[in-house]
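J.: Predicted model and sequence follow; I will ask about them next.
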Amino acid sequence: MSLTKFPKDFLWGGALAANQAEGGYREGGKGLTTVDMIPHGASRMAVKLGQEKRFTLRSDEYYPSHDAIDFYHRYKEDIALMAEMGFTVFRTSIAWSRLYPKGDEREPNPEGIAFYRALFEECRKYQIEPLVTLCHFDVPLHLVVEYGSWRNRQMVEFFTRYARTCFEAFDGLVKCWLTFNEINIMLHSPFSGAGLVFETGENQEQVKYQAAHHELIASALATRIAHEINPRNQVGCMLAGGNFYPYSCKPEDVWAALQKERENLLFIDVQARGAYPSYAASLFRDKGIQIVKAAGDDEILKHSVDFVSFSYYASRCASADMNAGNTSAANVVKSLRNPHIEVSEWGWGIDPLGLRITINTLYDRYQKPLFLVENGLGAVDEPNDQGEIEDDYRIAYLREHIRAMGDAIGDGIPLMGYTSWGCIDLVAASTGEMSKRYGFVYVDRDDAGRGTLARRRKKSFWWYKKVIASNGEDLA
Ligand code: BG6
């Protein structure tokens, strides 16, 4: 039993993203996006990180996003499963290139709008609140090829046009919005994070932080537009969360951890507080960066978000000597392996107390409502002889993290809700695997794209249903 009661209006649900679930990559007029170019297999990392330019598809490679789990065609069945679990919120993203196939058109694609209207209406049918990310790791490819993606200021205009279209077209269906998924991840995975590909010899840090500045301007403008269109709209930023612990109490390690924290939180500091933090100047100086700002940018940035959302999979460790121990790269963020915690099959740390620590840190810093929009355990699931999936390890992980959320609520922190990641098995963003599963619902598909795509409830499905029905009290 959790000791702390969740508020009555706490939102319970799950999350996925268009690029990892929908498939239908050329249907309904959709254009190609960055993620459509990221293959499964040996070249994946080089493409994802922007080290290898990949602007055409190859016939000898497999691209998991192309069909993904076919949510594009099966969303009614999937939403019904979520409703059966009792979801009150469902997080997904809109594929920008379904609405603007190339990204720079003046008018949106009506088929794309129709698809998302139908999807959000389906959620509403079950009183499920959609929580919608405008950009979750999928920039229209044309914008990358023709404009260099977010390194180019023109992206602000394209993105805000797209955002305005969404706020107008889905007004009355959606009121909770996130602008950019895990905005800080562009520092670690620049192509998948922001469509960035590097030229030999350029200052990559300069490119990344300038691109981030453009995203921050676009995010602030989108927030303003959302509020103008409907004052009931709630807009959040989204952090790939997880505090950096000092690897030891050596002052140098503590300082290194503080630097890593700042690097991680810089963009959220801007989005939540409406201005660059004071430490940005020295961070830019040390990296040899000069941000090119347009007149009025500082005014624009003042349009801060309504709430702060974040993902939490694992805490991280930093040391003055990043070779001081084994490393782990949970969520592509380099970290030293913490000897005090267990790790998942993919080497990601398991640290429920770290979630309470993260929530407290974020609230101390921002004093805005928080929303945990991703959390979960990526694990291999093997159906037993009866075809059932007894994922007790996933239940154990979620139970402890939900307890930690309850503890944080007991600490006095306003937490709006919880959407566990990959509520239906989907394609893993880092590795492109299907075998790294997060869901309450199993999808019959393997890493090579074989399988019937049939859905099957796991043991955790019934467990989560009970958790939701008891508003987080019954975690047994
Ligand atoms: C987050 C992303 O970084 O982590 C998701 O927002 C991603 O898109 C999730 O899927 C888990 O990572 P992975 O690599 O296990 O899918």
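T.: Received it, and whenever you're ready, just let me know what you need.
J.: phi, psi of A21?
T.: phi -130, psi -40 (degrees, to the nearest 10).
J.: give me the low-pLDDT residue ranges for this structure?
T.: 1-3, 329-330 (pLDDT under 70).
J.: and with 90 instead?
T.: Scanning the chain for pLDDT under 90 picks out 1-4, 321-334.
J.: check contacts around F371.
T.: L11, L131, G236, F307, V308, S309, F310, L415, M416, G417, T419 (C-beta atoms under 8 Å, 6 or more residues apart in numbering). (Glycine included, C-beta is placed from N, CA and C.)
J.: quick one: what helix or strand has it in it?
T.: Following DSSP states H and E, one finds F371 within strand 370-374.
J.: Quick check: what element follows that strand along the chain?
T.: Next element after strand 370-374 (DSSP H and E): helix 392-410.
J.: I'd like to know which elements that following helix is packed against.
T.: When contacts are defined as 3 or more C-beta pairs under 8 Å, 6 or more residues apart in numbering; DSSP states H and E, helix 392-410 packs onto helix 352-366, strand 415-421, helix 459-469.
J.: can I get the CA coordinates of it in CSV?
T.: Taking C-alpha atoms only, helix 392-410 is exported to CSV below (Å, rounded to 0.1, in the frame of the first residue of the first chain):
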residue,chain,number,x,y,z
ASP,A,392,6.3,-9.5,-12.9
TYR,A,393,9.6,-7.6,-13.4
ARG,A,394,7.7,-4.8,-15.1
ILE,A,395,5.1,-4.7,-12.4
ALA,A,396,7.9,-4.5,-9.8
TYR,A,397,9.6,-1.6,-11.6
LEU,A,398,6.4,0.4,-12.0
ARG,A,399,5.2,-0.3,-8.5
GLU,A,400,8.3,1.2,-7.0
HIS,A,401,8.2,4.2,-9.3
ILE,A,402,4.5,4.8,-8.6
ARG,A,403,5.4,4.6,-4.8
ALA,A,404,8.1,7.2,-5.4
MET,A,405,5.6,9.5,-7.1
GLY,A,406,3.3,9.1,-4.2
ASP,A,407,6.2,10.0,-1.8
ALA,A,408,6.9,13.1,-3.9
ILE,A,409,3.2,14.1,-3.7
GLY,A,410,3.6,13.6,0.1
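J.: Just the residues contacting that helix, thanks.
T.: With C-beta under 8 Å, 6+ apart, helix 392-410 has contacts from 2-7, 312, 350, 352-353, 355-356, 359-360, 372, 375-377, 379, 415, 418, 420, 438, 458-460, 463-464, 467, 472, 475.
J.: Buried only: go through those residues for me.
T.: 2, 6, 312, 350, 352, 355-356, 359-360, 372, 375-377, 379, 415, 418, 420, 438, 458-460, 463-464, 467, 472, 475 (16 or more other C-beta atoms under 10 Å).
J.: how far away is D321 from Q259?
T.: Noted for D321: a distance of 13 Å to Q259, by C-beta to C-beta, to the nearest Å.
J.: Then G112?
T.: 42 Å.
J.: Tell me which of those two has more neighbours.
T.: G112 (23 against 17; other C-beta atoms under 10 Å).
J.: Tell me which residues are up against the helix or strand hosting the more buried one.
T.: Using DSSP H and E, G112 maps to helix 110-125. Residues outside helix 110-125 that contact it (C-beta under 8 Å, 6+ apart): 28-30, 72, 75-76, 79, 90, 92, 94-95, 98-99, 101, 129-130, 132, 165, 169-170, 173-174.
J.: what about 7 Å?
T.: Helix 110-125 is contacted from outside by 28-30, 75-76, 79, 90, 94, 98-99, 130, 169-170, 173-174, using C-beta atoms under 7 Å, 6 or more residues apart in numbering.
J.: what residues are up against the residue lying closest to R44 once chain neighbours are set aside?
T.: Using C-beta to C-beta, 6 or more residues apart in numbering and skipping the chain neighbours, the partner closest in space to R44 is G432 (5.6 Å). Going by C-beta under 7 Å, 6+ apart, G432 touches I38, H40, R44, P64.
J.: H136 now?
T.: Per C-beta under 7 Å, 6+ apart, neighbours of H136: A17, A18, N19, S93, N181.
J.: again, only this time at 10 Å
T.: 15-20, 35, 91-96, 178, 180-182, 238, 429 (C-beta atoms under 10 Å, 6 or more residues apart in numbering).
J.: can you pull out the strands in the stretch 51-200 of the chain?
T.: 89-93, 129-135, 176-180 (DSSP state E, counting those that start in this stretch).
J.: Paired strands for the last one, with orientation please.
T.: Same thing as strand 176-180. strand 129-135 (parallel), strand 234-240 (parallel) (DSSP bridges).
J.: Report the inter-axis angle for that strand versus strand 370-374.
T.: 70 degrees (axes from the mean of the first three to the mean of the last three C-alpha atoms, to 10 degrees).
J.: Use 594 as the first number from now on
T.: Happy to do that; since the first residue is 594 now, the last one works out to strand 769-773.
J.: can you tell me if strand 769-773 touches the ligand.
T.: No: contact of strand 769-773 with the ligand (C-beta under 6 Å from any ligand atom) is absent, the minimum separation being 10.5 Å.
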